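J.: sequence first, predicted model second:
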Amino acid sequence: MQITNPIIPIKPKEVCIDTNGELDLKAICVFSAIGFFLDDDTYWTHKKVLKPASVHRTSSENILEKSEPYFNWHYTPRHISFEQALEEFSQLFEAIITEQVEDKKVILPLSGGLDSRTQAAALTYLGANVSAYSYEYRNGYPETKIAKQIAQVCDFDFQSFKIGKGYLWKKLDDLAKLNNCYSDFTSPRQMAISDEFSKMGGVFSLGHWGDVLFDSYNSEKLSHDAQVQFLSKKLLKRGGLEFASKLWQTWDLEGDFKSYFENRISNLLSTIKIEDTNAKLRAFKSKYWAPRWTSVNLSVFENSKPITLPYYDNRMCEFICAVPEAFLKDRQLQIEYVKMRNPELATLVWQDKRPYNLYNYTNPSTTKTLSYKVINKLKRTASRLSGKPYIQRNWELQFLGDTNKQQLEAVLLNSKLSELIPEEIITKYTKSFYNEDALRNAHPMNMLLTLAKFNQTQNNG
């Protein structure tokens, strides 16, 4: 069988490279440190995920026989004006969306950011029938406020939802089947409202990866080693290095985890033949991060309705490679597109630059900024004093509190996780999370839960 994988695959495809294998403990350590598997790694030494942007041939037994890339990330900027780049982006973006959604009713997740706002501008301009929604944490930042305003400007149907405490435990088994334990379970918070998706429309238009393709790191030229360090810091989750290092030692793997991890990053970075630092870092994330992290939980959406991703389209990736880096800096193309297609949308607050919008964020007022910060702090303080902690992360709603603790510990016990990870490590991190520093130990707890469900599937399988 011949399989052509997109430049950014929507769904990881797993194949065998051998008939027998064992747990890939090194790969699991990397997974435990950063929250996703690198390159083509899986839980097993004899199973791999098909590489992106390649044509693969597999046998009838799903054994990988041959792979050849048809696209390599590059940076070949053309001598064009910003106005020309904007015109080309506009035509391409709208053509892709038109092809993807056809005449179906579109389901559009909205936030206060730029990616979904750019989609909203395009869908309105194209006259699409749209059902939009947004969600926010109970007792957290009111994310749905800006989303609702966007929907009103565009005349979309709109629903707002609140992510409730402890929803995860009723959804955990289903989520483990959907993402195959290749991601933690608190990151895909869309799972909380997945039952609502079937009522909304015909096809999702998802804005994933626009923020990476249409921005720059604004970095000066960095050496290879400096890029490795930069990426390592970006990839490693809080507490992830320590947790992975403990697993590495426990499983008596050769050398040390940190050296192994940095060497992996170095080798993968070397596969990208781009001189410009910013373009190379973008390519690294698009080649190794998007397919193995961002794409994993798209299955939650796809389980309800067909999904489309305009920023994932091969043509969009090819377009980005030929755009001068200066035009991508600070999201310029998306900002100017919104201003051009729907000026009223540009007057709404940009969540990343609160309290400013797309017209005035470059000229902040000291008084306005200070006033916003003071009011925001007072709201958080009032919330804390009322006995309702301000929620910023999903794990706070799913892990904290006596009931959540009982559910989490029950899963860790019933999954027989101690067959894979020594009981003392499980106990250490559980106690540290609940009794010492939840923020520092949240990622290790996320990974313990993920590995517990993986272990359970192996025992039940």
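T.: Here it is on my side, so go on.

J.: where do the strands sit along the stretch 1-150 of the chain?
T.: Remark: strands assigned in the stretch 1-150 of the chain by DSSP state E, counting those that start in this stretch are 2-4, 14-16, 47-49, 54-58, 64-69, 106-109, 130-137.

J.: neighbouring contacts of the second one?
T.: Put plainly, it is strand 14-16. Thr42, His46, Lys47, Lys48, Val49, Leu50, His56, Thr58, Glu61, Asn62, Ile63, Leu64 (CB atoms under 8 Å, 6 or more residues apart in numbering). No exception for glycine: its C-beta is placed from N, CA and C like everyone else's.

J.: isn't the fifth one right next to Asp41, touching?
T.: Yes - contact status for Val49 versus Asp41: in contact at 7.4 Å, counting by CB atoms under 8 Å.

J.: show me the shaky parts of the stretch 201-350 of the chain.
T.: Counting by pLDDT under 70, not a single residue of the stretch 201-350 of the chain qualifies.

J.: what ranges do the helices span in it?
T.: With DSSP state H, counting those that start in this stretch applied, the stretch 201-350 of the chain shows helices at 210-213, 224-235, 240-250, 257-270, 277-284, 298-302, 314-321, 325-328, 332-341, 343-346, listed in chain order.

J.: of those, which is nearest Arg189?
T.: helix 298-302 (9.5 Å; CB to CB).

J.: before we move on, back to that, export the strands of the stretch 1-150 of the chain to TSV and append columns for distance to Lys170 and mean pLDDT.
T.: Below are the strands of the stretch 1-150 of the chain laid out as TSV (distance: least, CB to CB, whole Å; pLDDT from 0 to 100):
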stretch	distance to Lys170	mean pLDDT
strand 2-4	36	95
strand 14-16	28	94
strand 47-49	29	97
strand 54-58	37	96
strand 64-69	38	94
strand 106-109	22	98
strand 130-137	17	96
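
J.: so which of those strands is the most packed in?
T.: Burial of these is given as mean neighbour count (mean count of other CB atoms under 10 Å); strand 106-109 ranks first at a mean of 25.

J.: give me the residues contacting that strand.
T.: When contacts are defined by CB under 8 Å, 6+ apart, strand 106-109 is touched by residues 116, 119-120, 123, 128-134, 156, 190, 197, 200-207, 305.

J.: switch to 7 Å and redo it
T.: 116, 119-120, 123, 128-134, 156, 197, 200-201, 203-206, 305 (CB atoms under 7 Å, 6 or more residues apart in numbering).

J.: which of these count as buried?
T.: For the contacts of strand 106-109, a burial check counting by 16 or more other CB atoms under 10 Å picks out 116, 119-120, 123, 128, 130-134, 156, 197, 200-201, 203-206, 305.

J.: quick one: distance of the longest helix anywhere in the chain to the chain centre.
T.: Counting residues, the longest helix found in the chain (DSSP state H) is helix 438-460. Computed by CA atoms, centre = their mean, to the nearest Å, the chain-centroid distance of helix 438-460 equals 19 Å.

J.: repeat that for stretch 194-202.
T.: 21 Å.

J.: quote the end-to-end distance of that stretch.
T.: 14 Å (CA to CA, to the nearest Å).

J.: dead centre of the protein: give me the residue that sits there.
T.: What sits nearest the mean C-alpha location of the chain, by CA atoms, centre = their mean, is Thr294, with 3.7 Å.

J.: look up the closest residue to that one, ignoring the ones flanking it.
T.: Once flanking residues are discounted, Thr294 sits nearest to His208: 5.3 Å by CB to CB, 6 or more residues apart in numbering.

J.: correct me if wrong: that neighbour contacts Asp313.
T.: No - counting by CB atoms under 7 Å, Asp313 is not a contact partner of His208; they are 11.7 Å apart.

J.: residues near Gln149, how many?
T.: Residues lying near Gln149 (other CB atoms under 10 Å) number 18.
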